[in-house]
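Peer 1: Only the shape, not the letters, is given here:
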Ligand code: GYE
């Protein structure tokens with residue numbers, strides 16, 4: 001413990017002197033307890049958190065949730081690494097956490113594969129790994145203690161079922177419906193699940209035509225660029241499925257720049273995912289038809305899991321977070337008042 005404490009202290013000292021740039025090209029962000037508190041690290045549960053980046057409003061809310069929970073006041077010492085959308089930075093961050101002998105590693109894996117070796121190293125070091133948000137495919141499920149996040153395929157299915165009901169209410173059953181999809185980061189479980197879930201519903205609707213699926217990288221800029229190209233390629237798009245709100249914001253700009261309209265009174269139905277506050281405001285302005293929540297507030301649930309593990313308890317391997325959806329027919333002002341992200 002002393003070795004680890006000393007190594008952490010040295011790392012923190014070097015990071016402070018070096019102006020904060022970590023050795024690994026990651027952007028460090030330390031929740032460092034005050035000096036007197038640092039005297040006895042026995043008081044703290046040391047957490048190494050490898051976060052994907054800051055690509056979306058959802059991601060920032062997700063980071064905020066962890067930082068609001070893993071504080072010195074709550075008995076934690078948080079080592080936070082922002083991987084800036086690069087898996088290699090996450091791999092380096094996890095190895096750094098192992099070197100520092102943290103008590104727990106929290107990993108939000110940017111893509112599903114490429115984790116076996118580093119997780120085997122964490123297992124050999126007897127450091128529990130808690131996966132959050134996105135999932136992984138590994139040869140040995142014992143490489144991680146548990147996973148907390150959303151059922152992405154269910155989110156996709158719900159979006160498809162909502163569209164079925166909406167088209168029925170609009171009297172458009174039997175009409176050919178031409179759909180395009182903006183997908184998130186390729187091979188991320190959010191992208192895989194949402195695409196598969198919506199496709200489950202497409203495949204039972206013979207009149208629905210999926211014209212194209214393109215990578216919008218979960219960002220607003222890429223979403224706008226790709227949607228602009230889709231509008232040039234396909235003249236009569238009826239529905240946009242956008243796998244996160246930031247891509248939706250960009251797509252709406254592209255739709256309106258092309259002289260088209262979207263939302264309940266527009267000619268393109270827009271269905272989005274995440275349901276951040278900004279998206280509900282777009283819905284209030286009549287630009288989004290429906291939005292399927294993906295709850296980023298995972299901090300409290302993960303802290304509860306760590307407490308259970310600290311008490312020697314058993315935790316469920318897969319733990320889904322509660323989610324809902326919103327559409328333009330709802331009381332959006334009340335929803336906005338209640339939403340914290
Ligand atoms: O939908 C998107 C973020 O993994 C569920 O990643 C998360 C996704 C979310 O960039 O906004």
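Peer 2: Structure received. Source: prediction; values computed, not measured.
Peer 1: The closest residue to residue 154 other than its chain neighbours: neighbour count?
Peer 2: Of all residues not flanking residue 154 in the chain, residue 197 sits nearest, at 6.2 Å (C-beta to C-beta, 6 or more residues apart in numbering). (Each C-beta comes from the backbone N, C-alpha and C, glycine too.) By the other C-beta atoms under 10 Å criterion, the neighbourhood of residue 197 contains 21 residues.
Peer 1: Please name the residues that touch residue 197.
Peer 2: Contacts for residue 197 (C-beta atoms under 8 Å, 6 or more residues apart in numbering) come out as 152-160.
Peer 1: Look up how far the ligand lies from residue 291.
Peer 2: With distances taken as C-beta to the nearest ligand atom, to the nearest Å, residue 291 is found 11 Å from the ligand.
Peer 1: in the stretch 51-200 of the chain, which spans are helices?
Peer 2: When secondary structure is read from DSSP state H, counting those that start in this stretch, the stretch 51-200 of the chain shows helices at 57-69, 87-99, 116-124, 152-169, 189-202.
Peer 1: and those as JSON lines, adding distance to the ligand and mean pLDDT?
Peer 2: JSON lines is the format used below for these (distance: least, C-beta to the nearest ligand atom, whole Å; pLDDT from 0 to 100):
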{"stretch": "helix 57-69", "distance to the ligand": "3", "mean pLDDT": "97"}
{"stretch": "helix 87-99", "distance to the ligand": "13", "mean pLDDT": "98"}
{"stretch": "helix 116-124", "distance to the ligand": "19", "mean pLDDT": "97"}
{"stretch": "helix 152-169", "distance to the ligand": "7", "mean pLDDT": "97"}
{"stretch": "helix 189-202", "distance to the ligand": "4", "mean pLDDT": "98"}
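Peer 1: Take those helices and lay them out in TSV including distance to residue 212.
Peer 2: Conversion of the helices of the stretch 51-200 of the chain to TSV gives the following (distance: least, C-beta to C-beta, whole Å):
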stretch	distance to residue 212
helix 57-69	24
helix 87-99	27
helix 116-124	34
helix 152-169	17
helix 189-202	12
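Peer 1: Out of these, which gets nearest to residue 312?
Peer 2: The minimum distance between residue 312 and these falls on helix 116-124, with 18.6 Å, by C-beta to C-beta.
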